[in-house]
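K.L.:
My questions concern the predicted model and sequence given below.
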Amino acid sequence: MSEALQNLRQSWREATAPLHQRWVMLQPREQRALAVAGAFTAVLVLVYGLWLPSRAAAQKAQVRYETQRALLLQLQGQGGVATGAPVTGGSVLRVASDAAGASNLALSRIEPEGEGRVRVWLEKADFNAVAGWLAALSAQGIRLEEAQVEKQADGGVSARFALSR
């Protein structure tokens with residue numbers, strides 16, 4: 001280890017020998033001026049190369065942290081709303097179809113009736129699943145305008161609904 005250190009010192013001396021010779025040939029006043037200029041340059045490099053960029057990065061991180069913290073508090077304040085079925089801004093047809101899939105219901109027929117209105121038929125469906133599906137639609141802003149529900153012999157229900165936004 002000490003041999004490698006000795007080699008490094010020797011290489012450094014050989015590389016800087018011309019600069020050292022020029023330094024020795026300068027007048028003391030010139031040496032002081034160069035020393036002050038060198039110190040000033042070192043301070044500039046430290047300030048503009050290290051301190052200011054790291055300070056700017058820390059400020060960005062602080063802003064990002066505060067934004068994420070505010071979002072977390074907002075979501076925590078909403079409670080169960082954020083954990084419910086996803087709110088879709090799509091058409092009534094798409095929302096009804098997606099919510100039916102999430103409730104494990106098979107829609108036997110879907111018929112659009114103009115802007116923001118759809119008729120839906122269900123055959124041999126579980127009543128509790130239908131009730132959950134209607135609640136999920138209501139939570140997403142879908143209104144139930146008409147409903148016809150018939151009990152089946154096997155315990156399920158057949159239903160026809162008119163939905164709108």
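P.N.:
That came through, no problem. This is a predicted model, so every value here is computed, not measured.
K.L.:
Mind telling me what element the residue nearest the centre of the chain is part of?
P.N.:
Residue closest to the average C-alpha location in the chain (Cα atoms, centre = their mean): residue 68, at 9.1 Å. For residue 68, the element it lies in under DSSP states H and E is helix 52-78.
K.L.:
what packs against the next helix or strand along the chain from that helix?
P.N.:
Downstream of helix 52-78, the first helix or strand assigned by DSSP H and E is helix 92-102. Contact partners of helix 92-102 among helices and strands, from 3 or more Cβ pairs under 8 Å, 6 or more residues apart in numbering; DSSP states H and E: strand 107-112, strand 117-125, helix 127-139, strand 157-164. In this view, the C-beta of every residue, glycine as well, is placed from N, C-alpha and C.
K.L.:
Let me have those in JSON lines, adding mean pLDDT and distance to residue 12 as columns.
P.N.:
Listed next are the helices and strands packed on helix 92-102 as JSON lines, based on pLDDT from 0 to 100; distance: least, Cβ to Cβ, whole Å:
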{"stretch": "strand 107-112", "mean pLDDT": "88", "distance to residue 12": "81"}
{"stretch": "strand 117-125", "mean pLDDT": "90", "distance to residue 12": "82"}
{"stretch": "helix 127-139", "mean pLDDT": "87", "distance to residue 12": "74"}
{"stretch": "strand 157-164", "mean pLDDT": "90", "distance to residue 12": "83"}
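K.L.:
In JSON lines, list these along with mean neighbour count and distance to residue 76.
P.N.:
Output for the helices and strands packed on helix 92-102, formatted as JSON lines (neighbours: other Cβ atoms under 10 Å; distance: least, Cβ to Cβ, whole Å):
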{"stretch": "strand 107-112", "mean neighbour count": "13", "distance to residue 76": "36"}
{"stretch": "strand 117-125", "mean neighbour count": "18", "distance to residue 76": "35"}
{"stretch": "helix 127-139", "mean neighbour count": "17", "distance to residue 76": "19"}
{"stretch": "strand 157-164", "mean neighbour count": "18", "distance to residue 76": "32"}
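K.L.:
Out of these, which is closest to residue 30?
P.N.:
Evaluated over those, closeness to residue 30 peaks at helix 127-139, with 81.6 Å, by Cβ to Cβ.
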